[in-house]
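> please work out how this folds:
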Amino acid sequence: MITRHPNRQRFHGLAPILAVWLSMAGAAVAEPPPGFTPLFNGKDLAGWRGWAIHSEGGKPSEVEKLSDEERQRAFAAWTADARQHWSVKDGELVNDGHGAYLATDREYGDCELLVEFKVPPETDSGIYIRNTPQVQIEDAGKDPDGRPGGLTGSGGLFNNGDWPGRDPLVRADKPFGEWNSFRIIQVGERTTVYLNDRLVVDHARLKNYWNPAVPLPKQGRILLQTHGGEIRWRNLFIREIGSVEANALLTKHEGMGFEPVFNGRDFTGWQGPVDAYEVVDGAIRCKPKGSGNIYTIEEYANFQVSLEFLMPPKGNNGLAIRYPGGGVNAACFGMTEVQILDDGYEGIDPRQVHGSVYGMVGAVGGYQRPIGEWNHQLVTVKGSTITVEVNGFTVLDADVAPVTEFMDDKPHPGKDRPSGFFGFCGHSDSVAFRNIRIKKLP
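Numbering: from 1, shown residues only. A predicted model of the protein is given here:
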């Protein structure tokens with residue numbers, strides 16, 4: 001959620017990096033801060049290619065359909081066009097306002113991006129994240145009311161429409177003709193933007209412009225936009241964010257009010273066939289031949305549950321939501337079982353994909369981390385609605401009240417339960433859970 005009074009301490013652990021970044025502002029070609037690598041070498045366009053992303057055949061979905069040979073030809077043509085309009089002068093990357101966008105050769109997932117830019121009056125531009133528009137750059141010299149709807153400043157997620165994050169929290173641009181600095185942190189589809197050391201977007205979801213019905217892709221290129229006026233760039237650095245740090249950032253942004261429901265040592269506070277599970281390295285893990293539903297002693301109505309899970313190959317488990325207890329099938333007699341399933345399964349019903357409201361509403365799959373890495377998951381249950389966020393991607397946002405068609409025509413008499421226990425549905429696979437916290441909602 002975007003707050004108009006953001007907590008400036010959320011990223012205090014990165015303050016030393018930011019200090020180094022700010023201290024080098026003004027240098028045409030600076031050394032990267034610790035942990036960062038350059039995206040632009042200050043000499044030429046090595047590491048970049050052109051992409052006429054809004055031309056016919058240039059949409060990411062269209063490019064994906066091309067054969068390797070066709071894709072190479074397309075990018076070669078776009079790169080040739082880009083080289084007519086992009087140049088390097090005194091260590092600065094300069095675009096004359098025209099031609100193909102500049103795109104990184106590499107694709108990136110979770111990352112932190114540092115960029116300096118300078119625009120003249122009457123010019124705007126933007127930075128595409130994972131091929132997707134965009135962190136907006138607006139002309140700081142224009143009157144805030146100079147355009148329909150008003151000009152709110154740079155840094156907002158311009159293509160978010162009515163989603164949070166479209167407009168920056170504050171106007172932080174320097175006067176036109178001066179250098180500005182972005183710090184962009186991308187975890188999942190969650191975007192945080194600092195402009196000139198001021199927080200302008202706080203952990204907002206970046207809408208998938210190309211297909212709003214699904215989250216952003218897990219990886220994609222960074223693009224620099226051409227938009228009719230000269231823009232200059234310098235000191236472009238990137239740092240890839242690993243799963244441990246990403247999980248910590250996601251957890252920190254969940255806010256206050258969460259209470260641990262697992263102590264990391266034993267099954268105090270839990271009931272059911274706990275002998276089918278074990279505690280290993282601070283995590284609850286289903287035994288290889290264990291099964292059954294273990295669940296909390298306390299019941300919950302509306303709530304959020306935050307946890308991490310570790311998936312073995314072909315692993316299968318589930319989150320029991322508003323479970324009545326007694327060993328019955330959680331998917332049918334509880335409100336539901338939120339599916340926990342390895343993304344590697346093929347040929348399954350869409351309502352069995354990881355994150356699905358099992359047998360009722362299918363989630364968008366493919367957002368788990370590689371086997372061996374811990375995943376972060378946040379589930380929100382309010383009334384008849386369930387939202388599931390996996391590693392920062394919202395893979396399901398469903399209302400089960402109107403559902404009348406069920407997988408295998410098997411009825412779900414518990415789907416309208418107003419409250420119940422929270423638990424895990426073991427299926428003899430060694431799926432592990434840790435950092436399990438629940439926040440009660442009104």
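> nearest residue to the one residue sitting closest to the centre of the chain in space, please, no chain neighbours.
The centroid of the chain falls nearest to residue 188 when counting by C-alpha atoms, centre = their mean (1.7 Å). Setting aside the residues directly before and after it, residue 188 is nearest to residue 392 in space (C-beta to C-beta, 6 or more residues apart in numbering), at 1.7 Å. Every C-beta, even on glycine, is put in place using the N, C-alpha and C of the backbone.
> and that neighbour, how close does it get to residue 186?
Distance, residue 392 to residue 186, by C-beta to C-beta, to the nearest Å: 9 Å.
> any common contacting residues for the two?
Common contacts of residue 392 and residue 186, defined by C-beta atoms under 8 Å, 6 or more residues apart in numbering, comprise residue 110.
> ok, the residue nearest to residue 188 - contacts?
Here residue 392 is in contact with 110, 187-190, 246, 250, 376 (C-beta under 8 Å, 6+ apart).
> can I get the residues you listed in CSV with secondary structure, pLDDT and distance to residue 338?
Shown next, in CSV, are the contacts of residue 392 (DSSP: H, G, I helix; E, B strand; the rest coil; pLDDT from 0 to 100; distance: C-beta to C-beta, whole Å):
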residue, secondary structure, pLDDT, distance to residue 338
110, coil, 98, 23
187, strand, 98, 21
188, coil, 98, 18
189, coil, 98, 19
190, strand, 98, 20
246, helix, 98, 21
250, helix, 98, 17
376, strand, 98, 14
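> so who does the residue nearest to the centre of the chain touch?
Listed by C-beta under 8 Å, 6+ apart, the contact set of residue 188 reads 110, 215-216, 246, 250, 367, 389-393.
> repeat for residue 216
Going by C-beta under 8 Å, 6+ apart, residue 216 touches 129-130, 132, 188-189, 206, 208, 393.
> what do you get if the cut-off is 10 Å, keeping everything else the same?
109, 129-132, 186, 188-191, 205-210, 367, 392-394 (C-beta atoms under 10 Å, 6 or more residues apart in numbering).
> next one: residue 159
Applying C-beta under 10 Å, 6+ apart to residue 159 gives the contacts 126, 128, 132-136, 166, 206-210, 212.
> show me what contacts residue 326?
Neighbours of residue 326 in contact, by C-beta under 10 Å, 6+ apart: 272, 293, 295, 333.
> out of these, list just those in strands.
293, 295 (DSSP state E).
> picking that back up, ok, and the most crowded of the contacts of residue 159?
residue 135 (29 neighbours; other C-beta atoms under 10 Å).
> Throw the contacts of residue 159 into TSV and include secondary structure, distance to residue 155 and pLDDT, thanks.
Output for the contacts of residue 159, formatted as TSV (DSSP: H, G, I helix; E, B strand; the rest coil; distance: C-beta to C-beta, whole Å; pLDDT from 0 to 100):
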residue	secondary structure	distance to residue 155	pLDDT
126	strand	10	95
128	strand	14	98
132	strand	16	98
133	strand	14	96
134	strand	11	96
135	strand	6	97
136	strand	7	95
166	coil	11	94
206	coil	13	98
207	coil	16	98
208	coil	20	98
209	coil	17	97
210	coil	22	97
212	coil	21	95
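> same list (the residues you listed) but as a markdown table, adding distance to residue 417.
Supplementary listing: the contacts of residue 159 in a markdown table, determined by distance: C-beta to C-beta, whole Å:
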| residue | distance to residue 417 |
| --- | --- |
| 126 | 46 |
| 128 | 44 |
| 132 | 38 |
| 133 | 42 |
| 134 | 43 |
| 135 | 42 |
| 136 | 44 |
| 166 | 37 |
| 206 | 35 |
| 207 | 33 |
| 208 | 33 |
| 209 | 38 |
| 210 | 38 |
| 212 | 31 |
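> so which of the residues you listed is the closest to residue 264?
residue 206 (33.8 Å; C-beta to C-beta).
> residues touching that closest one, list them.
129-130, 132-135, 157, 159-160, 163, 165, 186, 188-191, 215-216.
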